[in-house]
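[1] Sequence and predicted model, in that order:
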Amino acid sequence: MSMQAVGDDDRRPPVNEVLEAAQRGLGLRPKRLPSWLFYDERGSELFEQICEQPEYYLTRSEIALLHEHRDDIAATLGPDVRLVEYGSGHALKTRVLLEAMASPVSWVPVEISPEPLRLSVQRMAERFPELPMQPLCADFSRPLRLPIPPRAPRRTVVYFPGSTIGNFDARTAIQLLRKMRGEMGDAGGILVGADLKKDVPRLEAAYNDRAGVTAAFTLNMLTRINRETGSDFELSKFAHRARYNPMAGRIETHIVSLREQQVRLGRQLVKFHEDEAMLVEYSCKYSTEDFAALAGRAGLRVHARWTDPEGLFGLYYLVRGSGIAAT
């Protein structure tokens with residue numbers, strides 16, 4: 001195995017970044033907090049537990065899809081692929097994919113947190129000792145300096161598993177797809193997962209599990225703000241709320257103030273009205289037509305599409321659109 005060390009792109013955020021983000025977001029009308037605040041160590045543990053809840057169909061559906069279609073997916077990608085993965089995490093899905101791929105050139109996991117990236121590469125190296133691995137510690141939403149591959153690939157494929165594309169509004173999702181389009185090159189492609197639209201009770205149950213794990217995950221954001229900024233959010237005075245907005249086609253997750261109150265945030269006092277909501281995350285759901293239209297606006301077209309046996313989740317292989325200019 002050859003491996004590029006985690007290096008220059010490991011730029012740890014300044015200590016006050018959490019405070020600045022919270023003050024900026026809670027100064028808006030309506031209030032909001034950025035979803036990256038979810039993922040401290042405890043938040044990451046809670047998200048793993050969410051994926052195991054009976055109501056949370058997304059992870060099970062995506063893994064079932066990969067097992068069902070991996071040979072077809074690998075044949076579509078072709079041999080000698082450099083696989084650039086956004087947000088590698090535990091790379092469980094990547095393992096299924098790489099097992100089916102013919103002579104991959106390298107795996108380039110892109111992860112903002114150095115320790116999860118190190119552990120992911122360590123686990124994958126045990127499973128694929130001959131596969132060159134070139135980890136990149138960076139924010140995938142920003143321009144990337146991809147490492148030089150160990151040999152010339154036939155194509156670069158940007159892999160964006162999960163349904164993370166749904167956490168971006170349409171404008172930002174199109175910008176991200178355009179960025180991927182540049183990184184994949186002329187002959188490359190994008191393999192991206194997206195949750196399909198379905199009945200509202202099933203959608204809302206996935207984000208409001210009976211065990212309360214998702215609620216704990218959401219409110220952990222306030223625990224993190226308290227710990228890293230010295231603020232005084234009282235979690236018992238706030239609640240998790242996730243509802244489907246049918247007009248926008250998305251789950252909207254909020255933290256709701258249960259009473260009129262004020263919270264110290266750095267040197268500021270932030271006032272909350274009773275039932276005032278802070279937006280913390282979108283989870284957009286796409287019909288196949290919706291997603292094809294989104295890709296088209298980024299100068300891409302759907303070359304192939306796969307769904308799980310229940311038809312709950314979609315995986316799309318996107319290539320450059322013929323005659324479509326991405327501006």
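    Done, it's in.
[2] pLDDT weak spots in the protein?
    1-15, 323-327 (pLDDT under 70).
[3] hmm, what's the outermost residue in it?
    Largest separation from the mean C-alpha position in the chain: residue 260, at 33.5 Å (C-alpha atoms, centre = their mean).
[4] dump the residue contacts of that residue.
    271, 272, 273, 274 (C-beta atoms under 8 Å, 6 or more residues apart in numbering). Bear in mind the C-beta positions are built from the backbone N, C-alpha and C, glycine included.
[5] hmm, try it at 7 Å
    Going by C-beta atoms under 7 Å, 6 or more residues apart in numbering, residue 260 touches 272, 273, 274.
[6] surely the last one meets residue 259?
    Yes. The pair residue 274 and residue 259 passes the contact test of C-beta atoms under 7 Å, sitting 5.2 Å apart.
[7] What segments of the stretch 151-300 of the chain are strands?
    Ranges of strands within the stretch 151-300 of the chain are 155-160, 189-195, 238-245, 250-257, 261-265, 268-272, 277-284, 300-307, based on DSSP state E, counting those that start in this stretch.
[8] got those as a markdown table, with distance to residue 82 and mean neighbour count columns?
    Shown next, in a markdown table, are these (distance: least, C-beta to C-beta, whole Å; neighbours: other C-beta atoms under 10 Å):
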| stretch | distance to residue 82 | mean neighbour count |
| --- | --- | --- |
| strand 155-160 | 5 | 24 |
| strand 189-195 | 11 | 25 |
| strand 238-245 | 37 | 18 |
| strand 250-257 | 32 | 21 |
| strand 261-265 | 44 | 16 |
| strand 268-272 | 46 | 15 |
| strand 277-284 | 28 | 21 |
| strand 300-307 | 18 | 18 |
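[9] mind putting those strands in a markdown table, distance to residue 90 included?
    Output for the strands of the stretch 151-300 of the chain, formatted as a markdown table (distance: least, C-beta to C-beta, whole Å):
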| stretch | distance to residue 90 |
| --- | --- |
| strand 155-160 | 14 |
| strand 189-195 | 15 |
| strand 238-245 | 24 |
| strand 250-257 | 23 |
| strand 261-265 | 33 |
| strand 268-272 | 36 |
| strand 277-284 | 20 |
| strand 300-307 | 21 |
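[10] ok, for the residue nearest the centre of the chain, nearest residue in space, not its chain neighbours?
    For the chain, residue 164 is the residue whose C-alpha lies nearest the centre (C-alpha atoms, centre = their mean; 3.0 Å). Leaving aside its chain neighbours, residue 164 sits nearest to residue 87 (6.1 Å; criterion: C-beta to C-beta, 6 or more residues apart in numbering).
[11] In contact with the one you found: list those residues for me.
    Contacts of residue 87 by C-beta under 7 Å, 6+ apart are 111, 140, 164.
[12] at 8 Å what do you get?
    110, 111, 112, 140, 160, 161, 162, 164.
[13] Kindly report the same for residue 127.
    By C-beta under 8 Å, 6+ apart, the contact list for residue 127 reads residue 95.
[14] I'd like the distance between it and residue 59.
    As judged by C-beta to C-beta, to the nearest Å, residue 127 and residue 59 stand 19 Å apart.
[15] What is the burial count for residue 207?
    Residue 207 is flanked by 23 other residues according to other C-beta atoms under 10 Å.
[16] which non-adjacent residue is nearest it?
    residue 242 (3.7 Å).
[17] Could you point out the longest helix of this structure?
    Ranked by residue count and defined by DSSP state H, the top helix of the chain is helix 57-77.
[18] Pull the contacting residues for the closest residue to residue 292 other than its chain neighbours.
    Nearest residue to residue 292, sequence neighbours excluded (C-beta to C-beta, 6+ apart): residue 302, at 5.0 Å. By C-beta under 8 Å, 6+ apart, the contact list for residue 302 reads 288, 291, 292, 295, 316, 317, 318.
[19] Now, those residues that are in helices?
    288, 291, 292, 295.
[20] Return the residues in contact with the last one.
    If a contact means C-beta under 8 Å, 6+ apart, then residue 295 has 177, 301, 302, 316, 318, 321 as its contacts.
[21] any chance of those in JSON lines, plus distance to residue 32?
    As requested, the contacts of residue 295 are exported to JSON lines (distance: C-beta to C-beta, whole Å):
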{"residue": "177", "distance to residue 32": "23"}
{"residue": "301", "distance to residue 32": "33"}
{"residue": "302", "distance to residue 32": "32"}
{"residue": "316", "distance to residue 32": "29"}
{"residue": "318", "distance to residue 32": "29"}
{"residue": "321", "distance to residue 32": "33"}
